[in-house]
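Asks: Sharing a model that was predicted from the sequence below.
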Amino acid sequence: MQINKTNIEGCYEMKPEIFKDQRGFFFESFNKKRFEQLTGLKVAFVQDNQAFSTHGVLRGLHFQKGESAQAKLVRVIQGEVLDVVVDIRRDSPTYGNFFKTILSSENHKQLFIPGGCAHGYVTLSNSATFFYKCDNHYNPGAESGIAYNDPTLNIDWEIPDKELILSEKDRILPKFDDLLD
Ligand SMILES: Cc1cn([C@H]2C[C@H](O)[C@@H](COP(=O)(O)OP(=O)(O)O[C@H]3O[C@H](C)C(=O)[C@H](O)[C@H]3O)O2)c(=O)[nH]c1=O
């Protein structure tokens, strides 16, 4: 397992060791003992999510507030996405930073997103299947988010705006500067 820090405190990019042979390949997609050794973090995932999206679908930027904050370990099982994390933890030394990376079934890359960060991704391939582990349960009453096209963050989603497909909910998310605690 290779692990790299990012410009967001507690957010890590990871690549598992891939075991290839004449049948195909195998890798451990999550190993608690190794994860905790490499990051120094304790994790207790309680919910797995999976989402299928067609080309141009942008989900995010989402987060759950307060006690419902979710740390996530995300990866792509099929296809390719541009994944984006925004540090909205006001007490964080990297508050206001965003990090983006390509996750795909080809590069096997994973991203650990600490609780309290906003997360989103856009599907770059014809379709993508996105899988992630969460360390807290879904709480619709605690959901919030940031507009994908927030002018302060000015994130380049690397896909023409006219190709983007968003939920109605995501089209009316607040701006970063208007986030309330
Ligand atoms: C997230 C979630 C959703 N749902 C239900 C609620 C809706 O009826 C339906 C679709 O939910 P939503 O449109 O919020 O799904 P996404 O837009 O993929 O939301 C996710 O997108 C970004 C990228 C994330 O990181 C979050 O995990 C999450 O906010 O699934 C559940 O039943 N459980 C859940 O944990």
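Replies: Here it is on my side, so go on.

Asks: for the ligand, what are the nearby residues on the protein?
Replies: Residues of the chain lying close to the ligand by C-beta under 6 Å from any ligand atom are 49, 51, 59, 60, 62, 119, 120, 121, 138, 167. For every residue, glycine as well, the C-beta is placed using N, CA and C.

Asks: Hmm, residue 137 and the first one touching each other?
Replies: Spelled out, it's residue 49. No. Checked against C-beta atoms under 8 Å, the pair residue 49 and residue 137 is beyond contact range at 10.8 Å.

Asks: Of those two, give the one with the bigger neighbour count.
Replies: residue 49 (13 against 10; other C-beta atoms under 10 Å).

Asks: how about the closest residue to the more buried one other than its chain neighbours, secondary structure?
Replies: Spatial nearest neighbour of residue 49, excluding adjacent residues (C-beta to C-beta, 6 or more residues apart in numbering): residue 132 at 5.3 Å. What DSSP: H, G, I helix; E, B strand; the rest coil gives for residue 132 is strand.

Asks: Verify the stated contact: residue 132 with residue 73.
Replies: Yes. At 6.2 Å, residue 132 counts as touching residue 73 under the criterion of C-beta under 8 Å.
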